[in-house]
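K.L.:
How does the following fold in three dimensions:
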Amino acid sequence: MANPSLLFLPKVLCAVAAFCACLPAPVSAIRKETGFAAPIMCRRTVQGRHLISDDNGYVCSSLSIDPWSHCCPRTGARFSCQGCKLDLQCCNSYEYCVSCCLDPSRTKERDVLKLKVAKPVTAGTYANIFDFCMGRCRHSSASVVHENAYVSDFHHCFMVQQNLSAGSTDSNYGSRLAGISVIVGRQGEPCSSTCRAKGQSCVPSRLSELNKCQILQKYMRCRSGCFPSLGPDQPAEVVDEAPTSLNPGACLYMQTDERLTCDGSHQHTRRVCPCA
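P.N.:
Sure thing, here's the model as predicted:
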């Protein structure tokens, strides 16, 4: 005769199965990571005593910067161009130059990261836009006259390499230089002396034909780029031995042809000269 308790076993198992089916599915975990978020830290400029610009594009007083994150308060305008001439991309304040330069609509990362910082032996390309803006907004040979005076109050400039000068150029430039000898002068030498050493004279009316990036790149390396400037020694190339702050290897062209002269010179540049 069968054990009576065994007769009830199927019913018990069915009841247990039905009860378990009513229970919610087990939850494996709510969070698997319990670590803290990494703190936000900013890089900042250190040139000024009163103003600071951080790598987020904000400018603030040096007294208001956060002591832990080194960031400016995000209460002011981001990418501010206060005190800047946007047509020249030059500012009268270093910090606002950096802030304005960081604006993605003005400075493209793809253009910046392929530019040379200075000499190939001592530096490579820029690591990021902030490094570029901090470097470009410092003074260059275009900012000063005779090493002790600024050309303009707007002497902090951030323009990326340009392929064209203010004047247009075309395939007929050769005909406009007919009868002209294009000669690269020695460091610190004006075109008047360069042409005289060849038994010729500088032709000031033809300086505008050489005042273009395409022409400068034809006669010089321009390995650090080609930029607009206001120096009396332009068009010219900054020599490799120049201080890093002057952007060695850069070619410079005059922003206004009316100011071109055969007599201008700078101790850290070599001029390209029209002689006849």
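K.L.:
For the rest of this, base every contact and every neighbour count on C-alpha atoms.
P.N.:
Fine.
K.L.:
mind giving me the domain ranges of the chain?
P.N.:
Domain ranges of the chain: 51-157, 181-275, per the TED database.
K.L.:
Any chance of a markdown table for these, columns distance to residue 44 and mean pLDDT?
P.N.:
Below are those laid out as a markdown table (distance: least, C-alpha to C-alpha, whole Å; pLDDT from 0 to 100):
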| stretch | distance to residue 44 | mean pLDDT |
| --- | --- | --- |
| domain 51-157 | 4 | 82 |
| domain 181-275 | 19 | 90 |
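K.L.:
Highest mean neighbour count across those domains, which stretch is it?
P.N.:
domain 181-275 (a mean of 21; mean count of other C-alpha atoms under 10 Å).
K.L.:
Between the two ends of that one, how far is it?
P.N.:
5 Å (C-alpha to C-alpha, to the nearest Å).
K.L.:
What sits closest to residue 103 if chain neighbours are left out?
P.N.:
residue 79 (5.4 Å; C-alpha to C-alpha, 6 or more residues apart in numbering).
K.L.:
Look up how far residue 244 lies from the one you found.
P.N.:
Taking C-alpha to C-alpha, one finds residue 79 at 26 Å from residue 244.
K.L.:
how much space between the residue positioned nearest the centre of the chain and residue 113?
P.N.:
Geometric centre of the chain, nearest residue: residue 132, 3.6 Å, by C-alpha atoms, centre = their mean. To residue 113, residue 132 is 8 Å away according to C-alpha to C-alpha.
K.L.:
Spell out which residues are contacts of both of the two.
P.N.:
residue 126 (C-alpha atoms under 8 Å, 6 or more residues apart in numbering).
K.L.:
Mind giving me the packing neighbours of the strand ranked longest in the chain?
P.N.:
The single longest strand within the chain, with elements called by DSSP state E, is strand 269-275. Counting by 3 or more C-alpha pairs under 8 Å, 6 or more residues apart in numbering; DSSP states H and E, the packing neighbours recorded for strand 269-275 are strand 181-184, helix 191-197, helix 207-210, strand 236-238.
K.L.:
just how off-centre is that strand within its chain?
P.N.:
Taking C-alpha atoms, centre = their mean, to the nearest Å, the mean C-alpha location of strand 269-275 is offset from the chain mean by 27 Å.
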